[in-house]
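Q: okay, predicted coordinates and the sequence, questions at the end:
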Amino acid sequence: MTSVPFVKSADQAEIYYEAHGSGEPLVLLSGQANTHHWWDRVRADFEAEHQVIVLDYLGTGESDKPADAEYSVRRFATDVISVLDELGIARAHVYGTSMGGKVAQWLAIDYPDRVGALALGCTSVGGVHGLKAAPEITRALAQPSVEAAREALIDLMYSPEWVREHPGPYGTLGGRMPSHARRAHLRASNGHDSWAVLDQVTAPTLVLHGTDDRFSPVDNAVILANRIPGAEVHYLEGARHAYFEEQREEASGAVLDFLAAHPID
């Protein structure tokens, strides 16, 4: 690890980040209400060839958790730029999964000169064009029993076979955060809608999705790719939302090959 500091965002909130490894910079962006530990199982796959940057979004982990701040995926993208500025990085590859894929879209839209290649995993264009989880899934996650809701989330993330072989702990189930921040993250993710401007993305783009993803239905992949000029799609057969862990070798390999084919100028 080369650094473990904080950076001030535009509104002076402290954002926690870490940088690991060396090589072309790569930002890894986690899912909603999750910290940088989302990537713990797979981060090493990228460190051999890249300087890997991870961060805690506003409201999560070690970052500030103000009640009166703006929480949006577009704002989270500006916080990533603050981190890159602090590290003196002019341009970085970006790989975002779930809500992190929404943040990554806005990075590519709002800051095209700062993004090398773009990888978008298990994510969506949002708005009326994005496909949402079925109502029964939403109800299962919102049930009063914390343990039952956790088991429902695990089932959305991983196949039962993988869970039996990998009993946890899991870094993808959300971190401890105040209720106001958790609600704000939900609003931020649900408020994402990039459909109208995705055709402005100029970064080479790879879209990844597990074919058995019920959290973000798999057809989101082709909807997303059809809006981004030249985007490619890689499906992970039989994988659920956390495809990047359950099918780690294939998923990390696909992203690494894509980044290698599109080096930063």
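A: Nice, I can see it.

Q: report the spatially closest residue to residue 30, excluding sequence-adjacent ones.
A: Excluding its sequence neighbours, the residue lying closest to residue 30 (CB to CB, 6 or more residues apart in numbering) is residue 38, at 3.4 Å. (C-beta placed from N, C-alpha, C; glycine too.)

Q: check what pLDDT that neighbour gets.
A: Looking at residue 38, its pLDDT is 97.

Q: is it true that it lies in a helix?
A: Yes: per DSSP: H, G, I helix; E, B strand; the rest coil, residue 38 lies within a helix segment.

Q: am I right that it is in contact with residue 174?
A: No: taking contact to mean CB atoms under 8 Å, the distance of 9.4 Å between residue 38 and residue 174 leaves them out of contact.

Q: just to revisit the earlier point, residues in contact with the residue nearest to residue 30?
A: 30-31, 97, 100, 171-172 (CB atoms under 8 Å, 6 or more residues apart in numbering).

Q: quick one: which two of the residues you listed are the most distant?
A: Checking the contacts of residue 38 against each other with CB to CB, the farthest-apart pair comes out as 100 and 171, at 13.0 Å.

Q: just want to know which of those two has more residues nearby.
A: For residue 100 against residue 171, the residue with the higher neighbour count under other CB atoms under 10 Å is residue 100, and the figures read 29 against 19.

Q: I figured that one hits residue 33, correct?
A: No: contact between residue 100 and residue 33 fails when scored by CB under 8 Å: they sit 11.4 Å apart.

Q: overlap in contacts, those two.
A: Here residue 100 and residue 33 share no contacting residue, scored by CB under 8 Å, 6+ apart.

Q: which strand residues bridge the residue lying closest to residue 36 once chain neighbours are set aside?
A: When the adjacent residues along the chain are set aside, residue 36 lies closest to residue 54, with 3.7 Å between them (CB to CB, 6+ apart). Beta-bridge pairing of residue 54 under DSSP bridges involves residue 18.

Q: okay, now residue 133: neighbour count?
A: Around residue 133 there are 16 other residues, counting by other CB under 10 Å.

Q: show me the contacts for it.
A: With CB under 8 Å, 6+ apart, residue 133 has these contacts: 156, 214-217.

Q: can you tell me which of those residues end up in helices?
A: Taking DSSP state H as the definition of helices, the contacts of residue 133 contribute residue 156.

Q: which of the contacts of residue 133 are buried?
A: Burial by neighbour count, judged by 16 or more other CB atoms under 10 Å, picks out 156, 215-217 from the contacts of residue 133.

Q: what segments of the stretch 151-265 of the chain are helices?
A: For the stretch 151-265 of the chain, the helices defined by DSSP state H, counting those that start in this stretch cover 160-165, 179-190, 219-227, 243-246, 248-261.

Q: deepest of these, which one?
A: For those, the largest average neighbour count (mean count of other CB atoms under 10 Å) is found in helix 243-246, namely a mean of 26.

Q: return the helix or strand in this protein with minimum mean pLDDT.
A: Using mean pLDDT, DSSP states H and E, the weakest-scoring helix or strand in the chain turns out to be helix 135-141, at a mean of 92.

Q: on that earlier part again, ok, the contacts of residue 133 vs residue 259, which is closest?
A: Ranked by distance to residue 259 (CB to CB), the contacts of residue 133 are led by residue 216 at 22.6 Å.
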